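Engineer: okay, predicted coordinates and the sequence, questions at the end:
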Amino acid sequence: MKRTLWFLHPVSIFVFSIVALGLSLFLYIYWYIEVSAGLQAIIQKTNVDPHQFVAWQTWVVVMVMSILVGIILLGIFLIFVYQRKTLSLYRSQHKFINSFTHELKTPTASLQLYLETLAKYDLSRDKQLKYLNYMLEDVSRLSDNISGILNLARIEAKIYGGEFVVVDLVEEVDEFWRKNGQLFRGSDILIDHPQDRQNCYCSINHSLFQMLMMNLITNGIRHNKNSPPQVRIDFSHTEKNIQIHFADNGVGFKKSQIKNIFKKFFQIEEEGWDHTGGTGLGLYMVEQVVRLHKGRIIAQSEGVGKGARFTVSLPRKTSPTR
């Protein structure tokens with residue numbers, strides 16, 4: 001990668017611009033005050049009517065020029081911030097493309113190898129079934145990655161299907177588990193039911209809510225070094241909201257990373273643990289889904305290696321609509 005000269009770096013250009021404008025303002029004010037002082041001396045020596053020189057205009061001009069230079073400085077600062085954000089987005093997108101390419105290439109290469117093995121060798125039925133199961137897992141992985149991109153596009157374009165309906169949120173979580181529990185074989189998914197089921201109604205979009213559940217549970221399992229990975233789901237409620245808590249025993253994250261955890265393309269990469277891949281879109285999608293439900297999500301962790309806890313808070317309804 002070609003290295004940029006230090007004086008052509010955006011930060012250097014920004015600093016030079018600030019210094020140049022500040023120096024120009026200082027010299028202008030200094031020069032103007034010197035001219036005014038000279039005019040005052042001429043007035044005293046020649047006894048000219050001082051009203052011919054409107055002294056107050058000097059300070060008005062200085063003030064106006066100061067405001068204009070301030071606006072210029074603000075404009076430069078905003079351009080600098082925009083440029084830095086654009087550069088950061090470019091780097092994130094580049095990282096995403098590399099990660100997503102890897103996520104597609106790995107199962108594709110694996111599928112090719114298994115197919116070539118099946119075509120070249122006369123294998124026993126047990127080995128055939130073994131390789132077929134591996135291939136199904138790779139196909140599922142490819143499908144999940146492609147579905148994630150398509151779902152994100154629909155969410156950002158607000159063209160997701162289905163209507164918002166009032167449901168029993170606990171029953172909705174149970175229904176999700178009944179339909180998708182087989183996808184999490186080898187993991188402990190624990191669902192704690194609240195004692196008071198009368199206050200657990202809220203308005204949701206079924207397809208979006210299932211996407212939220214899938215991403216949060218998968219996130220807790222994927223970023224996990226324990227055997228077995230565990231995700232505990234429990235509920236609480238306030239007068240206005242219902243909270244669903246997703247607590248896992250995974251790798252966790254630093255408290256300083258909380259502000260970035262829901263940003264697009266952001267991935268936690270801590271030294272000392274094997275990064276398991278991903279596109280950095282899962283939690284971003286979750287936050288978008290929560291916002292569409294007029295709710296909020298909070299991420300918590302005691303630190304790296306201590307698991308993570310995500311709390312989804314949704315507006316509560318007193319009873320289902322008919």
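Structural biologist: Structure's in. What do you need?
Engineer: which SSE is the most centrally placed residue in the chain in?
Structural biologist: In the chain, the residue lying closest to the centroid (Cα atoms, centre = their mean) is Lys263, at 0.9 Å. Using DSSP states H and E, Lys263 falls within no helix or strand.
Engineer: just the pLDDT for Arg309.
Structural biologist: pLDDT recorded at Arg309 is 93.
Engineer: now the strands: where do they sit in this structure?
Structural biologist: With DSSP state E, the ranges of strands along the chain come out as 164-168, 188-191, 201-205, 230-237, 241-248, 296-300, 309-317.
Engineer: for the fifth one, buried residues please.
Structural biologist: For strand 241-248, a neighbour-count test (16 or more other Cβ atoms under 10 Å) marks Ile242, Gln243, Ile244, His245, Phe246, Ala247, Asp248 as buried. In this view, the C-beta of every residue, glycine as well, is placed from N, C-alpha and C.
Engineer: list just the nearest of those to Leu152.
Structural biologist: If you rank these by distance to Leu152 using Cβ to Cβ, Phe246 comes first, at 19.9 Å.
Engineer: now do the closest one against Gln267, distance only.
Structural biologist: Using Cβ to Cβ, to the nearest Å, Phe246 is found at 19 Å from Gln267.
Engineer: before we move on, what about Tyr28?
Structural biologist: 50 Å.
Engineer: got a list of what the spatially closest residue to Tyr131 that is not a sequence neighbour touches?
Structural biologist: Counting by Cβ to Cβ, 6 or more residues apart in numbering, Tyr131 lies nearest to Tyr114, which is 4.7 Å off, once chain neighbours are set aside. Going by Cβ atoms under 8 Å, 6 or more residues apart in numbering, Tyr114 touches Tyr131, Tyr134, Met135, Asp138.
Engineer: now render these as TSV, adding pLDDT and distance to Leu21.
Structural biologist: Below are the contacts of Tyr114 laid out as TSV (pLDDT from 0 to 100; distance: Cβ to Cβ, whole Å):
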residue	pLDDT	distance to Leu21
Tyr131	86	68
Tyr134	85	64
Met135	88	64
Asp138	81	58
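Engineer: which of those residues tops the neighbour count?
Structural biologist: Neighbour counts for the contacts of Tyr114, by other Cβ atoms under 10 Å, peak at Asp138, which reaches 19 neighbours.
Engineer: okay but it is in contact with Lys105, surely?
Structural biologist: No. Using Cβ atoms under 8 Å, Asp138 is not in contact with Lys105; the gap is 11.3 Å.
Engineer: returning to that earlier point: which of Tyr28 and Gln267 has more neighbours?
Structural biologist: Gln267 (19 against 15).
Engineer: that one touches Gly280, doesn't it?
Structural biologist: Yes. Contact status for Gln267 versus Gly280: in contact at 4.4 Å, counting by Cβ under 8 Å.
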